[in-house]
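Q: Provide a 3D model corresponding to the input given below.
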Amino acid sequence: MMNFVVKTLANAGALAVAIWLLDDITLTGDNTGRKALTLVLVALVFGVVNILVKPLVKLLTLPLFVLTLGLFTLVVNALMLLLTSWLADQLDLSFHVEGFWTAVLGGLIISLVSWALNVVLPDGRD
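A: Next comes the predicted model:
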């Protein structure tokens, strides 16, 4: 359970950095508390998408991963971020990613920041 909380917080932090760096990834809210809650909820949605959908997409596109020597991961990460944006809209969360190339850059930022945060944060297996 602690591992899940740590990973969700790492995702929230990585999403926050992407929102801060890219103008076309937006998170709106009435106040800071509402934005923080929305960010955590979007991080949960992003985590669920990465747990349930991403492995299936990777399996179905395995030849493209091999052919591009893993660079297709950027496209898959972008698609997962766009799917998260769509699901957030369906759940009435004020998070939006505008365009595929923004999603590619956002996915790259989120991957790097999430990796760095997971290195620093405890993994909950103590």
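
Q: you'd agree residue 26 is in a helix?
A: No - Residue 26: not assigned to a helix; according to DSSP: H, G, I helix; E, B strand; the rest coil it is strand.

Q: so which strand or helix has the residue nearest to it when sequence neighbours are not counted?
A: Among residues not flanking residue 26 along the chain, residue 96 sits closest, at 5.1 Å (C-beta to C-beta, 6 or more residues apart in numbering). C-beta coordinates here come from the backbone N, C-alpha and C atoms, glycine included. Assigned by DSSP states H and E, residue 96 belongs to strand 95-97.

Q: In the helix or strand just after that strand, which residues are buried?
A: Going down the chain from strand 95-97, the next helix or strand is helix 100-120, by DSSP H and E. For helix 100-120, the neighbour count (16 or more other C-beta atoms under 10 Å) marks 102, 103, 104, 105, 106, 107, 108, 109, 110, 113, 114, 117 as buried.

Q: cool, stretch 18-38 as well?
A: 18, 19, 22, 25, 27, 35, 38.

Q: roughly how far apart are the fifth one and residue 19?
A: This means residue 27. Distance of residue 27 to residue 19, computed by C-beta to C-beta, to the nearest Å: 5 Å.

Q: which regions of this structure sit below the pLDDT cut-off?
A: Scanning the chain with the threshold set as pLDDT under 70 gives 123-126.

Q: Name the residue closest to the centre of it, please.
A: Most central in the chain under C-alpha atoms, centre = their mean is residue 46, positioned 4.9 Å from the mean C-alpha point.
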